[in-house]
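Chemist: fold the following for me, if possible:
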Amino acid sequence: FYFFIRMYFTEEKLGQAEKTELDAQFENLISRADCTKHWTEKIYRQTEVLLQPNPSARIEEFLFEKLDWKVPSRVTNAELLGQYMQDAAKEFDLGMPYGNTLEKVGECEKRLGEAEKEFLQTSAISFLTPLRNFLEGDWRTISAEHELRIAQTEFDRQAEVTRLLLEGISSTHVNHLRCLHEFVEAQAAYYKQCHLHMQELQKELGRLPNAFALNSTNAIATPSMVTEGSSSPVETDTLKIEEVQAPATGTRKARVLYDYDAADSSELSLLADELITVYTVPGMDSDWLIGEKGNHKGKVPVTYLELLS
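Modeler: Reported below is the predicted structural model:
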């Protein structure tokens, strides 16, 4: 398998990503280094098996190297065979043909064993050591540098994302301003609804038998208050709807927001969403208007209406 990832991504815009290819020459160097590491590792492991087929002996030598201990010298199989032949020759009498031959063959086998030992030592120094130095030295440096490059690429990507988010703060302010307007509108609608509920409650209380007590209390005022308010309330209370005439100018159309039941003959009952003509007359309370629909007219509360331009 290949260790390096060939392509990396950096986000140019929030929510979008463009693939950024590495420099072609650097890409080629990465490929060569990756391939070199792959095959060097295989050759190194198999050469170890060739030079020392015994896995237990290889593990022992590995531990000695890691502990920085001197690896004990091992007698080769050829040396051991030669030694056995020479010992046998002495037992069988060197003057006999078989004993003499065993001595000569044993000597040759020992020389072969010494040559094998020299070959193992030379191979370890001149071949295995350079391969191990590459895997444990140069390759680790290359890997570390490349990992640093990957980390830098990731940092640059995150920095770009963060910059785009920071630049979007102005849009956030606009959005929050819109939300604030919606909050104020909702709050205004809430208080308007509360006002309507309280008005309905006042009307209900006014229809109760003991409503005169409240009216009597409100009627108690200072002379100045009576003087100042005498014209408007009196005119409103004595206003006769049948005598009211629509002015030549100043009438408007209005849409009814909620159903309204007239409290007495001076008021006009309303149904939600119907259109009526409204206007004011001198002396009327500012919370009321005169409404007309068809041949009917009467006082209507302003809070139940949406005045149209």
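Chemist: how about the helices in this protein?
Modeler: 24-51, 55-66, 77-92, 97-123, 129-133, 139-167, 169-207, 211-219, 223-229, 231-237 (DSSP state H).
Chemist: where's E91 relative to V278, distance?
Modeler: Separation of E91 from V278 (C-beta to C-beta, to the nearest Å): 140 Å. (Glycine included, C-beta is placed from N, CA and C.)
Chemist: so between the two, which is more surrounded?
Modeler: V278 (23 against 9; other C-beta atoms under 10 Å).
Chemist: residues contacting that one?
Modeler: Contacts for V278 (C-beta atoms under 8 Å, 6 or more residues apart in numbering) come out as T251, R252, K253, A254, L289, I290, G291, E292, V300, L305, L307.
Chemist: same thing with L80?
Modeler: If you count contacts by C-beta under 8 Å, 6+ apart, then L80 has G113 around it.
Chemist: how about low-confidence regions in the stretch 101-250 of the chain?
Modeler: 209-243, 246, 248-249 (pLDDT under 70).
Chemist: if we use 90, what do you get?
Modeler: The model of the stretch 101-250 of the chain has pLDDT under 90 over residues 113-114, 116-129, 131-179, 182, 199-250.
Chemist: quick one: the strands in the stretch 201-309 of the chain, in order.
Modeler: With DSSP state E, counting those that start in this stretch as the criterion, the stretch 201-309 of the chain has strands at 252-256, 275-279, 288-293, 296-301, 305-307.
Chemist: partners of the shortest one, with directions?
Modeler: If I follow you right, that is strand 305-307. strand 252-256 (antiparallel) (DSSP bridges).
Chemist: now do the strand it pairs with: distance to the chain's middle.
Modeler: The chain centroid and the centroid of strand 252-256 are separated by 51 Å under C-alpha atoms, centre = their mean, to the nearest Å.
Chemist: do the same with stretch 167-187
Modeler: For stretch 167-187, the distance to the chain centre is 22 Å (C-alpha atoms, centre = their mean).
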